[in-house]
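1. Okay, structure incoming, though there's no sequence with it:
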Ligand SMILES: [Zn+2]
């Protein structure tokens, strides 16, 4: 068998691929064929990864994320990339179809509650909330680390570290965008159906946690899932009051 010297890492090897770095044994000059191959390879790889992760998260979210953390990663679309892609799709579609965005609903509710607050404080909070609503895509990336801290603390007994919780929640939040979009289709204005997207995406989260923490007993992991949300809300409120206090001193 012919012995090749790898053009990438200079390792000597036999066969079609370098057994040290994985590069092909035949490397030709970069030309139009290379370009076409590179473009079609990237598109196919991206689609395959995305569709695989999409399918896995739809059928068995908890189990597939657990397997990802345990090392079954090659076929998957990367978690943060998945979140970026689905939230971009989400923002794009909500603008096109003028769907209600959950943060926007939250702001409207908050605006009503705050009509009694003093003028200066009210406007600062509103500016922050309005910014968050308009930049829903970025808001997710602010929420993700906080929500992951909450789930990490709630499930501290499960032995997953904070960064593993980040991955867990990145995949879940990413897929929640899709759940939210699909559920938005059935919403009728001024009707109980308006809560369905929210309820649906929350149910998805609970379902995913339920199968992710498969070693825990149901009567423990369901309350702990609720505790994650409670801790998250507390942290969000504390953060909001901190921002308020800081901006108030500056005025
Ligand atoms: Zn090599």
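-> Cool, the structure landed. Quantities reported herein were computed from a predicted structural model and do not represent experimental measurements.
2. Which per-residue confidence value corresponds to the nearest residue to residue 57 once chain neighbours are set aside?
-> In space, and not counting its chain neighbours, residue 57 is closest to residue 175: 4.4 Å by CB to CB, 6 or more residues apart in numbering. The way it works is simple: take the backbone N, C-alpha and C, and place the C-beta from them, glycine included. Per-residue pLDDT puts residue 175 at 95.
3. how about whichever strand or helix holds residue 175: buried residues?
-> For residue 175, the element it lies in under DSSP states H and E is helix 162-184. Within helix 162-184, the residues scored as buried using 16 or more other CB atoms under 10 Å are 164-181, 183-184.
4. okay, now residue 63: neighbour count?
-> 14 (other CB atoms under 10 Å).
5. what's the spacing between it and residue 152?
-> To residue 152, residue 63 is 20 Å away according to CB to CB, to the nearest Å.
6. what does residue 92 give?
-> 31 Å.
7. Which of these two has more residues huddled nearby?
-> Between residue 92 and residue 152, counted using other CB under 10 Å, the more crowded position is residue 152 (21 against 11).
8. In space, what's closest to that one - neighbours in sequence excluded?
-> residue 165 (4.4 Å).
9. List the residues that contact that neighbour.
-> Neighbouring residues of residue 165 by CB atoms under 8 Å, 6 or more residues apart in numbering: 148-149, 151-152, 155.
10. mind redoing it with 10 Å?
-> Contacts for residue 165 (CB atoms under 10 Å, 6 or more residues apart in numbering) come out as 69, 144-145, 147-156, 158, 228.
11. How about residue 15?
-> Contacts of residue 15 by CB under 10 Å, 6+ apart are 1-4, 25.
12. Please apply the same query to residue 62.
-> Contacts of residue 62 by CB under 10 Å, 6+ apart are 168, 172, 206-214.
13. all helices for the stretch 1-150 of the chain, in order.
-> Ranges of helices in the stretch 1-150 of the chain, per DSSP state H, counting those that start in this stretch, are 32-59, 61-70, 79-97, 102-113, 119-134, 136-154.
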